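Participant: please work out how this folds:
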Amino acid sequence: MFRGVNPLSLDGKGRLSLPVKYRQCLLDEAAGQLVLTIDRDRCLLLYPLPVWEEVERKLIQLSSTNQRSRALKRLLLGHAEECCLDASGRILLPAPLREFANLEKRVVLVGQGNKFEIWNEPSWYAWREALLAGDEEQTGKPSPELDVLAF
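Facilitator: Numbering: from 1, shown residues only. Model (predicted):
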């Protein structure tokens, strides 16, 4: 499970050094093989390859005649890029994906259980503040599915 909010820096080549606490899990569960794609919130999603393959199978099964399904496939599958954890625990974020998410030097890696989100640092903090302030325009309306959570 990937948890936590980790402020990090990209190097001059667009590489992200993943925190040590996640590396062994990524090596054990995915042999360091990862998949990056884009998200509607203008961040990147980073999946261990086995988790991505499960997501990909579900996406492929979506109807091609449904406009929303096609749009979701185009977004997630069309922008998916494989990457590999190097010997120093870094991954290269391809330039088109960095540009999409406006990733510069300072980024935030956000654990999401089975995947990570990679945010432009100012965008992450702005989104978090909007959520805490109850700004539904930016963060969306609460889902009835969340009513079962007691936190």
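Participant: ok, the closest residue to residue 80 other than its chain neighbours - contacts?
Facilitator: Of all residues not flanking residue 80 in the chain, residue 37 sits nearest, at 4.4 Å (CB to CB, 6 or more residues apart in numbering). (Each C-beta comes from the backbone N, C-alpha and C, glycine too.) By CB atoms under 8 Å, 6 or more residues apart in numbering, the contact list for residue 37 reads 44, 45, 47, 75, 76, 77, 79, 80, 81, 97.
Participant: what about those residues, which one has the most neighbours?
Facilitator: Using other CB atoms under 10 Å as the neighbour test, these are led by residue 44, with 26 neighbours.
Participant: for it, give its distance to residue 134.
Facilitator: Using CB to CB, to the nearest Å, we find residue 44 at a distance of 26 Å from residue 134.
Participant: equivalent analysis for residue 67, please.
Facilitator: For residue 67 relative to residue 134 (CB to CB), the value is 31 Å.
Participant: and the pLDDT for the residue of the chain positioned farthest from its centre?
Facilitator: Ranking residues of the chain by C-alpha distance from their mean position (CA atoms, centre = their mean) puts residue 65 at the top, at 27.0 Å. Residue 65 carries a pLDDT value of 91.
Participant: residue contacts, the residue most central in space within the chain?
Facilitator: Residue closest to the mean C-alpha point of the chain, counted by CA atoms, centre = their mean, is residue 45 at 1.8 Å. Residues near residue 45 by CB under 8 Å, 6+ apart: 36, 37, 38, 39, 76, 115, 116, 117, 118.
Participant: which ones among the residues you listed map onto helices?
Facilitator: Among these, the subset assigned to helices under DSSP state H consists of residue 76.
Participant: want to throw the contacts of residue 45 into JSON lines with pLDDT and distance to residue 61?
Facilitator: Putting the contacts of residue 45 into JSON lines (pLDDT from 0 to 100; distance: CB to CB, whole Å) gives the following:
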{"residue": "36", "pLDDT": "99", "distance to residue 61": "22"}
{"residue": "37", "pLDDT": "98", "distance to residue 61": "17"}
{"residue": "38", "pLDDT": "98", "distance to residue 61": "21"}
{"residue": "39", "pLDDT": "97", "distance to residue 61": "20"}
{"residue": "76", "pLDDT": "95", "distance to residue 61": "13"}
{"residue": "115", "pLDDT": "98", "distance to residue 61": "19"}
{"residue": "116", "pLDDT": "99", "distance to residue 61": "24"}
{"residue": "117", "pLDDT": "99", "distance to residue 61": "24"}
{"residue": "118", "pLDDT": "99", "distance to residue 61": "27"}
